[in-house]
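In: any chance you can model this:
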Amino acid sequence: MFCNGEKIRRIYALTALLSVWMQAVSALSIQPIPQYPAVGQSVTLSVTGINGNLRSFSWYKGPNSNAEYQILSYIPALNPPQTNGKQYFSRASGLPNGSLLISDLVITDRGIYTVIGQTDRGIWQESVNLTVYIPVTKPVIRANSSLVNENDTVTLTCEMENAERIVWGRSNGRLPSDITLSNDNRTLTFSSIKRSDSGDYYCEAENVINKIKSDIYTLKVNYGPENLIITGPNGIESLFNLTVGTSLSLRCSAASFPPPTYHWKHNEIDLRKYDSILTLDLSLKENGSYTCTASNSKTNITVATSVVVIVYESYDSGNEDAPLLSGGAIAGIIIGILAFVAGVLGVACYVFQKKHKINNINEPHEYENVKKNGMNPASSEDPSYMTLQFKHQDTYGELRG
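Out: I've put the predicted structure just below:
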C-alpha cells in the first residue's frame, strides 16, 4: 500500500513538473528579424518568451538536435561563453538572450533551426524554418521577332529571376483588349497584331522583398504603303493643264511605317528622283504621264499611282496679254473639227452612191421610169448637182468672245 502511495506521489510530482515546464515553454517563439531576410543581409533568429534565468542554450541546423547538427552551445557563466559545434560557420554567433545571429546570408543558410535551452525553471526547445529570399532581378522584355509586320503573331516575354508576381503595362494607354497572357504572366501575345498596338510597353516583377520595373520596350508595327496619292497645288487631281514656262510641284504621299521610299518616272522613263516632291519647270517635253512608286523595305510592299500633265503654248507667244486656251477649249476645238470632217465625208459618200446608181441605168424603160418618177438626172434636185456651202466661222473668235 505504501509502495502504491509513493508511486502516486511521484506521478503527481512529475505531472506538476511537466505542467510548470509547459507553462514555461508555452510562450516561446522564434521570429526572424527582419521578417523576410534576403541574400547578403543579416538575420537574427530572435527567441522570445523564455521563462526564468537562462543558464545555457544550444543551436542546431538539421532534422533533429543530435550532436552532428550542432552549430554552437552557449553558457553565459563561462568565458568565452560560446563553444562551436560540428555545423558551426563563422557567420553565426550566439547572443546572451538565447538568439542566433547570422550575417551575410547565403542561399544555403535556408533550413530548419532548433534551439534547446535551460533555465532555472526547466528545459525548453523551439524550432523555426528559415527562408532566405533573393531579390528580383531587373526584368528585360524580349520579342519573338525583331521585325514586326501588321497581322503577325507577336510574343513579348518578361525575363527576370526570383519573381513571385508579374504585371504588364503600357506607357501611352491601356493594354490592348485582345492580348493573351500566360498563366504566370511572363508572356504577352498578340495573335494578329495591329498598327494601333504600337507603343511603349513594360513589365514589373516583385516578390516579398522588392519590386522592380523593366526598361521601356517600344513596339513598332510595320505596315503599308497604302492609300498612295499624288497632289498638286489644288489638291488631288488626275490631270494637270498648264502652259509652257510655268512650274508644277507634285507631292506623293502614302500611309506607311516606316516611311516609304518614293521613286518617280515620266512616261515609264526613270527620272532618278527619290523624294516625295517632284518639281517641274514645264516645257513641251514635260507632256505625259508621271508615275510615283512607294516602297516599304520592311513589309516588302510596293504600290504606284499616276497623273497626266498636258503642257501647251499660248495662242500668241509674242503677246503676253493674249488670252490662253484652256484644256476644255482645246478639247472643244478638236471635237468640232472631227465632227466637221465626219459630215463632209458623209455627204460625199451619199453623192457618190447616187451618181453610181443613175449611171448604171441602161434600159430605156428603166430610164422612163426614172423620169416618170421625177428623178431627172439633170435636175438641180438631184443630189449629184447639189452645191455644198459651208459658212466660215471664226471658231477661235467665238471662243474668245
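
In: quick check: can you list the domain ranges of the protein?
Out: Described in terms of automatic domain parsing, the domain architecture of the chain consists of the residue ranges 2-130, 140-219, 223-312, 327-400.

In: weakest of these by average pLDDT?
Out: Here the lowest mean pLDDT among these goes to domain 327-400, at a mean of 41.

In: paired strands for whichever strand or helix holds residue 114, with orientation please.
Out: Using DSSP states H and E, residue 114 maps to strand 111-119. Using DSSP bridges, the strands paired with strand 111-119 are strand 54-61 (antiparallel), strand 122-130 (antiparallel).

In: turn those into a markdown table, columns for mean neighbour count and distance to residue 208.
Out: The way it works is simple: take the backbone N, C-alpha and C, and place the C-beta from them, glycine included. As requested, the strands paired with strand 111-119 are exported to a markdown table (neighbours: other CB atoms under 10 Å; distance: least, CB to CB, whole Å):
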| stretch | mean neighbour count | distance to residue 208 |
| --- | --- | --- |
| strand 54-61 | 22 | 23 |
| strand 122-130 | 16 | 14 |
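
In: so which of those comes closest to residue 216?
Out: When the strands paired with strand 111-119 are ranked by distance to residue 216, counting by CB to CB, first place goes to strand 122-130 at 38.0 Å.

In: neighbouring contacts of that closest one?
Out: 17, 20-21, 24-25, 28-32, 37, 43, 45, 47, 50-52, 65, 109-118 (CB atoms under 8 Å, 6 or more residues apart in numbering).

In: now the buried members of the residues you listed.
Out: Among the contacts of strand 122-130, those classed as buried by 16 or more other CB atoms under 10 Å are 24-25, 28, 30, 32, 37, 43, 45, 47, 50-51, 109, 113-118.

In: before we move on, back to that, let's have the strands paired with strand 111-119 in TSV, adding distance to residue 249.
Out: Supplementary listing: the strands paired with strand 111-119 in TSV, determined by distance: least, CB to CB, whole Å:
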stretch	distance to residue 249
strand 54-61	84
strand 122-130	78
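
In: all strands of the stretch 1-150 of the chain, in order?
Out: Ranges of strands within the stretch 1-150 of the chain are 29-33, 43-48, 54-61, 70-74, 82-84, 92-94, 100-102, 111-119, 122-130, 140-143, based on DSSP state E, counting those that start in this stretch.

In: can you redo the ones you listed as JSON lines with distance to residue 197?
Out: Written out in JSON lines, the entries for the strands of the stretch 1-150 of the chain read as follows (distance: least, CB to CB, whole Å):
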{"stretch": "strand 29-33", "distance to residue 197": "45"}
{"stretch": "strand 43-48", "distance to residue 197": "46"}
{"stretch": "strand 54-61", "distance to residue 197": "53"}
{"stretch": "strand 70-74", "distance to residue 197": "57"}
{"stretch": "strand 82-84", "distance to residue 197": "62"}
{"stretch": "strand 92-94", "distance to residue 197": "54"}
{"stretch": "strand 100-102", "distance to residue 197": "49"}
{"stretch": "strand 111-119", "distance to residue 197": "48"}
{"stretch": "strand 122-130", "distance to residue 197": "46"}
{"stretch": "strand 140-143", "distance to residue 197": "12"}
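
In: so which of these comes closest to residue 221?
Out: Residue 221 sits nearest to strand 140-143 of all those, at 11.3 Å, using CB to CB.

In: confirm that residue 196 sits in a strand.
Out: No. When classified by DSSP: H, G, I helix; E, B strand; the rest coil, residue 196 is found to be helix rather than part of a strand.

In: tell me which residues touch it, please.
Out: Taking CB under 8 Å, 6+ apart as the definition, contacts of residue 196 comprise residue 176.

In: what distance do you get for it to residue 27?
Out: Relative to residue 27, residue 196 is positioned 63 Å away (criterion: CB to CB, to the nearest Å).

In: what's the answer for residue 102, then?
Out: Plainly put, residue 102 is 24 Å away from residue 27 if you go by CB to CB.

In: when these two are compared, which one has more neighbours?
Out: Neighbours per residue, other CB atoms under 10 Å: of residue 102 and residue 27, the larger number sits with residue 102, 24 against 11.

In: from residue 117, how far off is the more buried one?
Out: The gap separating residue 102 from residue 117 is 18 Å, by CB to CB.

In: one step back: in CSV, could you pull the C-alpha coordinates for the strand holding residue 114?
Out: Once non-C-alpha atoms are left out, strand 111-119 reads as follows in CSV (Å, rounded to 0.1, in the frame of the first residue of the first chain):
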residue,chain,number,x,y,z
GLY,A,111,16.6,25.3,-43.4
ILE,A,112,15.3,24.2,-40.0
TYR,A,113,17.0,25.7,-37.0
THR,A,114,16.3,24.3,-33.5
VAL,A,115,17.3,25.8,-30.1
ILE,A,116,17.3,23.9,-26.8
GLY,A,117,17.7,25.9,-23.6
GLN,A,118,17.8,25.5,-19.9
THR,A,119,16.6,28.0,-17.3
